[in-house]
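**Q** starting from these lines, generate the structure:
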Amino acid sequence: MLRIGLTGGIACGKSTVGEMLVRRGAHYLSADELAHKLYEPGGVAYEGVVRAFGREILNPDRTVNRKKLAALAFPDRIDELNAIVHPAVIEAQKRWSAEVTRDDPNGVGVVEAALIFEAGAETHFDKVIVVTCGPEDKAERYARRMEISLEDARAEVKRRTAAQLSDDAKARRADYVIDNSRTVEETERQVDAIWRQLKKA
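**A** Now for the predicted structure:
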């Protein structure tokens, strides 16, 4: 199986590109969704996250409040959070990859993860796709997704971006770059071109 890492800055449209790849036949795993499951009560990272960031990150039902956790983690303590969660995420990704390879040895497996380069995880993939867009695009999309004001979205995007490599730095290290700042149709065309190359690999 061809192992593809899909990454990019906050609100650049990684999940949108992932959905486009799935429609073309790719197997897909969201590392962020996987991480969230790992720090649910009973998950392997739950106790470590609560111990490190305190019980104030918990909802009344003892689940982790992701907004409160993010507020504490970004940007200064993101490495601390990653150190707790990433080893378990990587192990779960490896299990998923092995299962998909067994079921579809000639397939394409896509793992969407925000911090592939920052975590030094690019070596786990055969190719890496980076999705980019402009800062105002990020803010507008984040505002819609989180149902907050554009001003608040700009501030949060800036805060989270401080904990990541810039889009330009990621693009320089990518095998493929998708500019998602234009129309959906233009993004589809870029995904089509990359998909044809992946199927030849």
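
**Q** ranges for the strands of this protein?
**A** In the chain, the strands defined using DSSP state E lie at 2-8, 27-30, 108-112, 127-132, 176-179.

**Q** out of these, flag the one nearest Asn82.
**A** Nearest to Asn82 among the strands of the chain is strand 2-8 (14.0 Å), distances taken as CB to CB. Quick note: C-beta positions are derived from backbone N, CA and C, even for glycine.

**Q** strand partners of the closest one, parallel vs antiparallel please.
**A** The strands beside strand 2-8 in its sheet (DSSP bridges) come out as strand 108-112 (parallel), strand 127-132 (parallel).

**Q** those: which one's closest to Tyr142?
**A** Of those, the one closest to Tyr142 (CB to CB) turns out to be strand 127-132, at 14.3 Å.

**Q** let's see the closest one as CSV, backbone CA atoms only.
**A** Only the C-alpha atoms of strand 127-132 are listed here, as CSV (Å, rounded to 0.1, in the frame of the first residue of the first chain):
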residue,chain,number,x,y,z
LYS,A,127,4.6,10.8,0.0
VAL,A,128,3.4,13.9,1.8
ILE,A,129,0.7,16.3,0.5
VAL,A,130,0.5,19.8,1.9
VAL,A,131,-2.7,21.9,1.7
THR,A,132,-2.2,25.6,1.8
